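Chemist: I'd like to go over a predicted model; first the sequence, then the structure.
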Amino acid sequence: MAEILALAGSNSSTSINYELIRYTTSLIEGHEIQVLNMAQYPFSMYSEDEERQKGFSNSLIELKNDIQKAKGVVLSVNEHNGNPSAYFKNVIDWLSRLERKFFQDTFVFLMSASRGKRGGVGSLQVLEALLPRFGAEVVTTFSLPSFQENFEKGTIVSSDLQLAHQDALNRFLEKLT
């Protein structure tokens, strides 16, 4: 049994990526799972001045510890203009200042949900290339496009997308054992 941390890279209280996280974690059995709602984690915009004056918040230290305690992380990221949201990029900036290899020896299942037809692919590509710099091993990715059409009542309704999601999740879980 491996410990899994699951979170969306969005601070929106109505995050579709958080909905995808909740769906994904509902399919996982035999592992201890901690789900974080990042809407409850306000972080100020990173600046060297703030770091010098105030240091690192308890929330940031707890988040880093949660990441490092987990063997695997299920992460679903939103996309703004083809990139990860400013919020999530800011979280990465803070974490990397606290400890550069904050994802060291951590397996990641990287996902994105989007209302658009591209499914947050731009954000996935950026983070798939970026996260290994902090020690992560991105095991697999999954993109859920056209969220309103493909996700209803807490589940993926497209059978093709449902199979692709389950296959990606299985590959991630196999890596944890």
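Modeler: Everything's here; your move.
Chemist: flag every buried residue along the helix ranked longest in the chain.
Modeler: Across the chain, the longest stretch assigned as helix under DSSP state H is helix 159-176. Using 16 or more other C-beta atoms under 10 Å as the burial criterion, the residues of helix 159-176 that qualify are 161, 165, 168-169, 172-173, 175-176. Just so you know, the C-beta spots here come from the backbone N, C-alpha and C atoms, and that holds for glycine as well.
Chemist: those into a markdown table, with extra columns for distance to residue 85?
Modeler: Conversion of those to a markdown table gives the following (distance: C-beta to C-beta, whole Å):
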| residue | distance to residue 85 |
| --- | --- |
| 161 | 23 |
| 165 | 22 |
| 168 | 22 |
| 169 | 23 |
| 172 | 23 |
| 173 | 27 |
| 175 | 27 |
| 176 | 27 |
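Chemist: quick revisit: elements contacting the longest helix of the chain?
Modeler: For helix 159-176, the elements it packs on are strand 72-76, strand 106-113, strand 136-144, strand 155-156, judged by 3 or more C-beta pairs under 8 Å, 6 or more residues apart in numbering; DSSP states H and E.
Chemist: out of those strands, which gets nearest to residue 119?
Modeler: Smallest distance to residue 119 across the helices and strands packed on helix 159-176 (C-beta to C-beta): 3.5 Å, for strand 136-144.
Chemist: who are the packing partners of the closest one?
Modeler: Looks like strand 136-144 contacts strand 106-113, helix 121-130, helix 159-176 (3+ C-beta pairs under 8 Å, 6+ apart).
Chemist: and after that strand, which helix or strand comes next?
Modeler: Counting by DSSP states H and E, the element after strand 136-144 in chain order, helix or strand, is helix 147-150.
Chemist: from the chain's centre, how far out does that following helix sit?
Modeler: 20 Å (C-alpha atoms, centre = their mean, to the nearest Å).
Chemist: and for stretch 60-72?
Modeler: Stretch 60-72 sits 13 Å away from the centroid of its parent chain (C-alpha atoms, centre = their mean).
Chemist: in it, what counts as buried?
Modeler: 60, 63-64, 67-68, 70-72.
Chemist: could you do stretch 91-99 as well?
Modeler: Buried residues in stretch 91-99, counted by 16+ other C-beta under 10 Å: 91-92, 94-96, 98-99.
Chemist: spit out the contact partners of the residue nearest to residue 13 when sequence neighbours are not counted.
Modeler: Leaving aside its sequence neighbours, residue 13 sits nearest to residue 39 (C-beta to C-beta, 6 or more residues apart in numbering; 4.7 Å). By C-beta atoms under 8 Å, 6 or more residues apart in numbering, the contact set of residue 39 is 10-13, 15, 18.
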